[in-house]
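Student: Provide a 3D model corresponding to the input given below.
(6 chains)
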There are 6 protein chains.
Amino acid sequence: MTGERLKSPIVPTVPFDRDGKHHGFLRLPYSRNESAWGAIMIPITVIRNGDGPTALLTGANHGDEYEGPIALQVLSHEIAPDEIRGRIIIVPYMNYPAFRSATRVSSVDGMNLNRSFPGRADGSATQKIAHFFEEVLVPMADVVLDYHSGGKTLDFLPFACAHHLEAQGQQEACVAAVRAFNAPFSLMLREIDAVGMYDTSVEAHGKVFVTTELGGGGTATARSAQIAIRGARNVLIHAGILDEEIDVAPSVMLDMPGDDCYHFATTEGLIQPMVDLGETVRRGDLLARVWPADQTGVAPHDCTAQRDGLLAARHFPGLIQMGDCLAVVASVLE
Amino acid sequence: MTGERLKSPIVPTVPFDRDGKHHGFLRLPYSRNESAWGAIMIPITVIRNGDGPTALLTGANHGDEYEGPIALQVLSHEIAPDEIRGRIIIVPYMNYPAFRSATRVSSVDGMNLNRSFPGRADGSATQKIAHFFEEVLVPMADVVLDYHSGGKTLDFLPFACAHHLEAQGQQEACVAAVRAFNAPFSLMLREIDAVGMYDTSVEAHGKVFVTTELGGGGTATARSAQIAIRGARNVLIHAGILDEEIDVAPSVMLDMPGDDCYHFATTEGLIQPMVDLGETVRRGDLLARVWPADQTGVAPHDCTAQRDGLLAARHFPGLIQMGDCLAVVASVLE
Amino acid sequence: MTGERLKSPIVPTVPFDRDGKHHGFLRLPYSRNESAWGAIMIPITVIRNGDGPTALLTGANHGDEYEGPIALQVLSHEIAPDEIRGRIIIVPYMNYPAFRSATRVSSVDGMNLNRSFPGRADGSATQKIAHFFEEVLVPMADVVLDYHSGGKTLDFLPFACAHHLEAQGQQEACVAAVRAFNAPFSLMLREIDAVGMYDTSVEAHGKVFVTTELGGGGTATARSAQIAIRGARNVLIHAGILDEEIDVAPSVMLDMPGDDCYHFATTEGLIQPMVDLGETVRRGDLLARVWPADQTGVAPHDCTAQRDGLLAARHFPGLIQMGDCLAVVASVLE
Amino acid sequence: MTGERLKSPIVPTVPFDRDGKHHGFLRLPYSRNESAWGAIMIPITVIRNGDGPTALLTGANHGDEYEGPIALQVLSHEIAPDEIRGRIIIVPYMNYPAFRSATRVSSVDGMNLNRSFPGRADGSATQKIAHFFEEVLVPMADVVLDYHSGGKTLDFLPFACAHHLEAQGQQEACVAAVRAFNAPFSLMLREIDAVGMYDTSVEAHGKVFVTTELGGGGTATARSAQIAIRGARNVLIHAGILDEEIDVAPSVMLDMPGDDCYHFATTEGLIQPMVDLGETVRRGDLLARVWPADQTGVAPHDCTAQRDGLLAARHFPGLIQMGDCLAVVASVLE
Amino acid sequence: MTGERLKSPIVPTVPFDRDGKHHGFLRLPYSRNESAWGAIMIPITVIRNGDGPTALLTGANHGDEYEGPIALQVLSHEIAPDEIRGRIIIVPYMNYPAFRSATRVSSVDGMNLNRSFPGRADGSATQKIAHFFEEVLVPMADVVLDYHSGGKTLDFLPFACAHHLEAQGQQEACVAAVRAFNAPFSLMLREIDAVGMYDTSVEAHGKVFVTTELGGGGTATARSAQIAIRGARNVLIHAGILDEEIDVAPSVMLDMPGDDCYHFATTEGLIQPMVDLGETVRRGDLLARVWPADQTGVAPHDCTAQRDGLLAARHFPGLIQMGDCLAVVASVLE
Amino acid sequence: MTGERLKSPIVPTVPFDRDGKHHGFLRLPYSRNESAWGAIMIPITVIRNGDGPTALLTGANHGDEYEGPIALQVLSHEIAPDEIRGRIIIVPYMNYPAFRSATRVSSVDGMNLNRSFPGRADGSATQKIAHFFEEVLVPMADVVLDYHSGGKTLDFLPFACAHHLEAQGQQEACVAAVRAFNAPFSLMLREIDAVGMYDTSVEAHGKVFVTTELGGGGTATARSAQIAIRGARNVLIHAGILDEEIDVAPSVMLDMPGDDCYHFATTEGLIQPMVDLGETVRRGDLLARVWPADQTGVAPHDCTAQRDGLLAARHFPGLIQMGDCLAVVASVLE
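Tutor: Just a heads-up that it's a prediction; the model follows:
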C-alpha cells in the first residue's frame, strides 16, 4: 500500500560522514521463533577521507557467489583512509542470510534479493535490505560495483559488464567503468527481464554501475579472486577515489546478441560436457550430451551449438533438469 | 548377528553368463511410506563374449562424483560384444539413491557406501548394496575399477591410484593397472582408515584394483570426462578384454608421504585461495586466508604450506568449517 | 501494485495459430538455489484445424487429482487434427509443480492455484501461471473444461457441474455443456467463497465453463478415467469441434441446497465410516463414528445426517482433525 | 550383542490376569529433545473371564492401515467380559508412532515394525515394540490375528490369509482360522522374504496365526470396516472365546502361485488404469498405461497381464516410480 | 487490492448477543494438502448477562507464552453468567496454529500475529485472524486485555503496561486499567516500531487497552499463573463487569526511558549470566559474559550495564547470536 | 561385531602428559555431504602440574544443559597450572554436535550420548565419542564429574548425586565427593535403567563419580552457574588437586525412594502449575491442572501428589503430552 514510504527499520552502527575507517553492521531487527528480540547483522565498512566521490561496493547479492565477498574483505582490510579521497562504502555480504547459508536466495524468506527491488520497509528481511539500499545507500553513491559469479549452478568466463541504457551519457560512463575494471572479458547486456533487479534500481538513480560474472560453481580460485580485487581497485582509481595508476591488461569484448546464444536442456539427466569454458565452437558442434539418470542402454540427447562463438557459460552441477540453461555461446567482438 | 550369511534380497534383471550386451537393473526391494512394494532400481550393463577375464567398473560410489558415471554410460553405449573377450560388468550409479539426490551419502539411509563394506543382507539399502557387491559381483571379477572425484566439497588434480598392499604380487598388478589407466597424475596410497571401504573389500578378495580422483566440485569438464573414458579403455586393454593399443601419455607420479600433506582449517569462514590446483608451493607459502563470515575489520587466518610440493587437492565450497581439510600438498616423485 | 499490467514471463514453445498438432511447453523461468537459470516446463498440446471454436482443457489445477491428467494425455495422444474443426488447447498438468509433488498446492510456493486468480506477472510461480491463463489462454477460448477430483483428502461421487450465474444465457450454455459431459451425476453449484477461483475468472470472461469432481483419494480407477475421457469428447462434440455423435447415458441431478449438507468433525480421531458413497441416508442416520486416536475405553463421537439424501462426498484419510469436512449429503433432484 | 536377553523397558498399565475389562497403555519410555522424560503410550485393552484360550488382536502394524484399528476399537468397546471365556488382548495401534503420523513406518525411527522382529530391548522404539510382543504378548496367546490393508500406496481385494508352514498341524489350524474369518476372499501365501516379520515370529512360537489385506489407499469404507469387525468376531467364536454362531458367507479362494503374478512399473509416470480390482483379465490384456509426467506427445508404456486371473491388488497413488508394484493378478481356486 | 473490504471468511459457532456462557470456535476455513476442506478451529468463550460493558481477553498472541492461556481457561471455566454484568469475550489461544506448535509465530504461514494488523480477509491464516479481530471483535469491546510473556527466548519481570498515547483521556483510562491489573511491576511504554501491532490497532479504535509481560522461557509457574488470573479479575472488576472488591498489592513502577536500557550481544556464544532478574545493577557492572561455543582458551566477551537500574528482562536460551537482546535494565520510578 | 576392539578414530590435538595448560580439540573425522573430509572438533583443555590425581570434568553430555559448560569454561580459563597438583581434563561440550544445535541428543545421528556407552569405534559420531571416553579418557581419571541439568524440557532443584553401588568403598568415596560438591541439595539415586549411561561406565571403571542436576529449561541463571563453579572447585580441592579450603554451606539431603515420586501426565494439554519447585506438598494436594489445548468449556485434568514431600522436578514447557513426567516429589532426609 504505502509501505514504500515507511522509514527503514535498519539501523547502521557506523557513521557515513565521519573521516576514518569504520567497521560495523547494518542492524535489521528480526523477530522469530529462535529469538523474539533478535536481529540480522549485516557487516559494513565505511572508509572516508574528506569530500569526494562515493563508491558503493557490494558482494553476495546472491549468497553462493564468492569473488565479491573475498575482494571486499581484502579491500576493507587493506585500504587506509589516507590513501583515498571521498568515500568507500563496502557491504561484502549484501544478502547476509543467503551468504551464511551458502545459497542463492535468502534462507530466511526464500527471496532473491536481485528481484526484490525497490523493496519494502515493512516487508520480509530481503525486502527490507533492498529498501535500505534503494532509499539510503544508493543515493549516497556516485559509482556502484556489484559483484556476481555463477553461484553453485552456473560457471562463467570472467567478465565485467554494463547495460544498454536510454541515457547515452550514463551508458558511456558505465562502459568506461567496465573497461577500468578490466576483467579478462567484457560485455554489453540488454536485460530482458530487469524487473526487481538491483542493477535497474541503481541505474534508475542515474548512477555509474558495473556488474560482473567472475566464475562460479560456489567456489573461487586464486585467479578469480585476484581478478575481483584488481578490478575493484581499478574502478576506485577510475573514479578518482584511489590515487594510483590503473593496471591495464587486454580484455576480450563479448556479445550475446540473441536468444540463440542460450541452450536449454530438453530432458533431465547426466551431463557429459564436450566443450569447456572459453573454447571455440562452430554452429552444429556438440556442446554436451545428456545421458539418462535412471538406466543404461539408451542413447544420449545431444545438445549442439546454435551459433558460432565461444563457450561463455555452462550449467555447473553434474545433473540437469529439463528447462535449465545448459550452455551460453557468445560472440567475440574484438 | 548372522546377517552376513543371509542371501541378498537384490535380484538382477540381466544374465551374467550369456553372451551379448544386456542392459537392466539390480532390483533392490525397498518398502517405504511412499511405496509399500517399491524398489531401488540400480542400472547395470553386462557385456560378454565367451570366456575371458571379467572387469567390474563402478561409478557414483559417492553420489556427487560425475566422471565415473559419464565414462561408464559412454562405454556401456559404445562397446559392442564382439569387440571384447570375456566380460565387462558396468554399474555407473553404484549408490543409486545418492546419485539421484546428487549427494555423497545415500538419501535413503544417510550412509556412506564406501564405509559400509562388507554390508548386510538384512541391513539398510546402502548396506544391502555393499553386501551384493561383496558376495556376488566382486567374486566374479578379475579387475575392478572404481571411479572417484572430489564431489561437491573437494577438488583434486586428476589421478589414478593403487594402495600399498601386503601381497607383493597383487600390489604390482594393481600398480600396472594404474599405469595403464594413465591419468595425468598417478599415486600410491597407504590408507590409514580403511575400515568399511570398497577398496579394502576388493583387495581382500585378491583382485586387481584401480581407483581414481579425477576432479571435483560436483561437476565434470570435457577434459576430466575424457580422462575417465580413456583410462577405462586402457584398463580394459591392459586386462586383455579390449583388443586395442593402449593410449599412453606422460603421467606425473605423486606421493603423499605424511600427515603434513594435509592442511586443516582452524577456524570457520570465507576462503580466499592464494594458490590454485597444480601450482608449486614452498614450505611457508600462503595457501589460503580465511576471513570471518560475520564481520569486517578483523584480520584473516593464514594457512601456510607445511611442506614443499604441489597443490593436489583443496576444499571446494567458498565457506569452510573448523576441522575441514583446506588443502593437500603432494610431493612429485617423477 | 501495477503488477497485473506487466507482460507474462511465460513463453510457450508451441504456436497457437498454426494447423496441426503441436506438443511443447509453457516455459516459466524459475531462478532458485538448485538452478540459477532454471525453468518450470508446463506441458501443453495445441491441436488446430482451420477456423472454428476453441476449447481449453485443463487438469491438475490441484496436483493430486488424476482423472483430468489421464483424460488429457489420452486426448492429446489420440485426437488427430483432421478429426476436428477449430482448436483444442490441452494443459494436462496446469499446476505442474503441484502435480510433480502429488500435492494439492504448489511445492514451489505453497499456493493453491484455484485461489490465485487473476494472478500476477511478477508474483510467485503459481501466481504467474494464473496470470498467463487469465491474460493469454482463457481469452482464446470459447469453452473451458477444468477437471477436478477429491484429491488425497476427499472422495466424491463422479459429477460435472455448472455455477449459478447472473448472466442467464451464459448459465444456460454452461448447463448444456455439463449435460453434454454426461457424468453419472450432475450438479448446479452456488459458490460461496469464489474469490481467486479459476472458475470465477473464466466465467467473468463470459466463457462456457464446465468443472467436475470425478472421484478422489489421490488415485483414479479404470471407471473414473473412462468417465473423464468420454466427458471431454462429449463436450468437444457439443462445442462443434469434434464431429461425432454424443454418447448419452443417464445422469442423476444432485443439489446441495444448504449448509446442512456439510458435516464437519467436532473432534479429531479415527473414522469408522457407517455409510459409503452413493448410499441413501435419512436425517439422523449414523454417517460415521470417530474413535480416539490415543486410547481405548472411550465411546466414539457419532456423526449423524443433518438431512435426507445421498452420501455425495466424504473425508478420505483414515484419521480426521477437528473442523475437517467429514461428509456431504446431497439431495437427488431427478 | 546380548541385547535380546535384556528385560523390556515397556511397562503395561493393565493387568493381564485379572477378570474384567481393562483399558490402559503399554508405556514405552522415550527420551527425546521434546521431552527428556517422555514416553510412547500404546493403547491396550485386556478382557478376561476365567481360564480359557487367549486371542491377541493387533492393528496398525503399519500405521496407515485402518480396518484393523477400527474393528479393534469397536470390539474393545462392545465386548463385555461375561460374553467371553478366556482372554482377549487388543492392541489397536501396534506401531503407535506410525499410526499417529499416518505413515507405514515409524515417524520416530523410520523403521518398519513388520521387518523388526524379534526386536531389541535396548534398540529403537520400533525394535522395543517388536521385542515386547516377541517376549511378552505372543507367548501369552493361543491365536493371533494381525490386520493389514494396502496402506496409502496399495489397494487390495479384501482377503484373509495363512502361510504355508512346515508344521502340518499348525498350518491346518491357521487355515481353519482363516476360513472362520470368512473374508470375501481367502489366500494361502508362501512368503519369500519373511525375515523380521511379525508373522514369522508368531508362527515360530507355534501359534495359530491369521493375517489380512482388507482394502487400502489409507482409508477404510463402511464395507471394509464391517468385514474386519465380523472377521474378528468369527475368529473369536472359532477359538472358543466368544460363544456365538459363526456368521458364514461365501469366500473366493485365491492363489498367487508365481512371480508372474506381480507386475512392476518399468518407467515412472502417470497411471491410467484399464482394469479395476476384482475384474477378470486374460494374459496379454492391458492392465494399465503409464504416461510421462513431464510432457505430452509421447506414447504411454503399456503394462499387460502376464497371466490369466483376477486383479487382486494395485498401486494406489496416481503417479508411479520405476520398480513399484503396479498390479497383482491372482488365480481363482474355488 | 481491496482485500481489506472483503468480508471475513471466519465463522463463529457461538452467539455474541445471547445471555449465558457459550463455548465454541472461530472457524477459519483452511484448505491445504492435508485437508482440502479443512479448518482452523480457534476456541472462544462468550459470557453475557444483559447490557453492560464488554471485555475482550486474549492469550497466545504469540504461541509460546502461557500465562494468558492458563488464566483465560480458568476464567472461562469459573466465571458464571450471573456473576457479571455485560459481556466477556475470551480467546485463550489467539494465534491457534502458533499455540499448537508452541512457537512464537504461526506454524502455518510463519507470520507474527502481532505484526499482522490490520490483516486481510483474503490473506494467509494469520492475516485472516488479525482481520477478524480488527473488523469484528475489537469493535465490540470497551476494554481489551492482551497477555504476553517472554516466550521461549526471553524472560521478564512480571509487569502490566500501557502506552503513551496522544489522546490524553484514553491514556489515563489505560493507565487506570493497568493499575487495576496490579502486577508486581507496572510500566509505561512508548513503542518505537508499532506498525502492525494488535496494541496499535486496539488503541486506534479508542479502546482501553492493557498488555503484559509476565515471565517467559516458554513455561509458566504457579506464581506467574496466579498473577495472570488475579490481574484479569481485577480488570473485570475495574471495568464494572465483575462485582467484587479489587485485590490490591504494591506494584513497582518501572521505566525504560532510552535505548541504553537495551543490551545486545556483540558476538555469538555461551552466556554466563552474572545478574538475575530483579537484581539491582550500577552502570559498568558485569551483566553477563559470553564464552565461545567452539573452543576453550579464549577470554569471554563481557557485557556491562550501560546504566543504573534493575534487570528487567534477559535472553533466555543458553546460547546467543550476535544482535540478540541480551539484557534490559529498567529504572525504578516509585 | 568386534567393533569395540577397534582403535578410536578420534585424535586429540593436546598432550595429556605435559605440564602446563593446553587448549585444543578432540578431532573426530566426519565425512558427510557438506564436507567429504570434515571433522567434529570437540574443545578440550588439559591442565597439568606434575604427578598427582586426575580429574575428568564434562559438560553438555546432553546438549541443552548449560551450567556445566559455563563452569568448565570458567575453570578452564581461570585455573593456572601452578595452582594445582596432578591433572585436570576439561571437556565442556562433550556431545559437541548436540551442544551446537542446543538439543538434548546429537543433531548428527539423533543419539543420546548418555545411552550410548560403551560406544563403538566404527559407529556413528555419538558412539565414537562414547568409545573415546570409555577407552581413553575415563581410564586416565581418578575422579569424574559430569554435569547435568534439566535441559529444555525439565526443571530441577539444584542437586549433586551419587548412586547406590555394590562396591561399598567406591560408593562411600562417591558420596564424599558429592558432599564436597555441596550443592543446595544432595541425593542418593538407584538408577533403574542404567544401560548405556556414562555414569554406569565410569562406575564400572571403579572411579569416583559425581553427577548433578542444577536447574533446567535450557537456560542457566547467575545463581545456578555459581553453584556449578563452586561445586567443581570444591571437588578439585577434595581430590587434592586444588590446594584451597572447601567452601561449605548447608545442603538438604533428598530421597526419591519409590515409583510414587514420579507423576506422569495422563492427557495432553496446557499445564497450569499449582506448586513451584522447592515447595512442600502433602499427599492429595493439587500439583497441576492440565487444560485442553483445543477447546474451552471442559474441566481440567487434576494431577495430585501421590506422597508427601517437596517438589524437586517438573515438566518445563507450557504444553505436555500424555506419558510425560509432570512432576517429581522427593522426601527430605535431613
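Student: and the helices in chain A?
Tutor: In chain A, the segments counted as helices under DSSP state H are A:67-78, A:96-100, A:125-132, A:138-140, A:168-181, A:198-204, A:222-238.
Student: what would those helices look like in JSON lines with distance to F:Leu277 and mean neighbour count?
Tutor: No exception for glycine: its C-beta is placed from N, CA and C like everyone else's. Converted to JSON lines, the helices of chain A look like this (distance: least, Cβ to Cβ, whole Å; neighbours: other Cβ atoms under 10 Å in any protein chain shown):
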{"stretch": "helix A:67-78", "distance to F:Leu277": "49", "mean neighbour count": "25"}
{"stretch": "helix A:96-100", "distance to F:Leu277": "38", "mean neighbour count": "26"}
{"stretch": "helix A:125-132", "distance to F:Leu277": "39", "mean neighbour count": "24"}
{"stretch": "helix A:138-140", "distance to F:Leu277": "55", "mean neighbour count": "15"}
{"stretch": "helix A:168-181", "distance to F:Leu277": "65", "mean neighbour count": "19"}
{"stretch": "helix A:198-204", "distance to F:Leu277": "54", "mean neighbour count": "22"}
{"stretch": "helix A:222-238", "distance to F:Leu277": "57", "mean neighbour count": "22"}
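Student: export the ones you listed to JSON lines and tack on mean pLDDT and distance to D:Ala265?
Tutor: JSON lines is the format used below for those (pLDDT from 0 to 100; distance: least, Cβ to Cβ, whole Å):
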{"stretch": "helix A:67-78", "mean pLDDT": "98", "distance to D:Ala265": "46"}
{"stretch": "helix A:96-100", "mean pLDDT": "98", "distance to D:Ala265": "39"}
{"stretch": "helix A:125-132", "mean pLDDT": "98", "distance to D:Ala265": "42"}
{"stretch": "helix A:138-140", "mean pLDDT": "98", "distance to D:Ala265": "55"}
{"stretch": "helix A:168-181", "mean pLDDT": "96", "distance to D:Ala265": "54"}
{"stretch": "helix A:198-204", "mean pLDDT": "96", "distance to D:Ala265": "47"}
{"stretch": "helix A:222-238", "mean pLDDT": "98", "distance to D:Ala265": "46"}
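Student: select, out of those, the one closest to chain D.
Tutor: helix A:96-100 (23.4 Å; Cβ to the nearest Cβ).
Student: for the residue of the stretch 201-334 of chain A found nearest chain E, give me the pLDDT.
Tutor: Relative to chain E, the nearest point of the stretch 201-334 of chain A is A:Gln321 (22.8 Å; Cβ to the nearest Cβ). Note for A:Gln321: predicted pLDDT of 97.
Student: residues near the nearest residue to it once chain neighbours are set aside, how many?
Tutor: Using Cβ to Cβ, 6 or more residues apart in numbering or on different chains and skipping residues adjacent in sequence, the residue nearest A:Gln321 is A:Glu268, 5.0 Å away. A count of nearby residues for A:Glu268, using other Cβ atoms under 10 Å in any protein chain shown, gives 17.
Student: next one: the one 3 residues further on
Tutor: If you count neighbours by other Cβ under 10 Å, A:Ile271 ends up with 28.
Student: how about the helices of chain A in CSV, adding distance to chain D?
Tutor: Below are those laid out as CSV (distance: least, Cβ to the nearest Cβ, whole Å):
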stretch, distance to chain D
helix A:67-78, 34
helix A:96-100, 23
helix A:125-132, 27
helix A:138-140, 42
helix A:168-181, 40
helix A:198-204, 33
helix A:222-238, 36
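Student: and E:Cys325, which of the ones you listed is closest to it?
Tutor: helix A:125-132 (17.4 Å; Cβ to Cβ).
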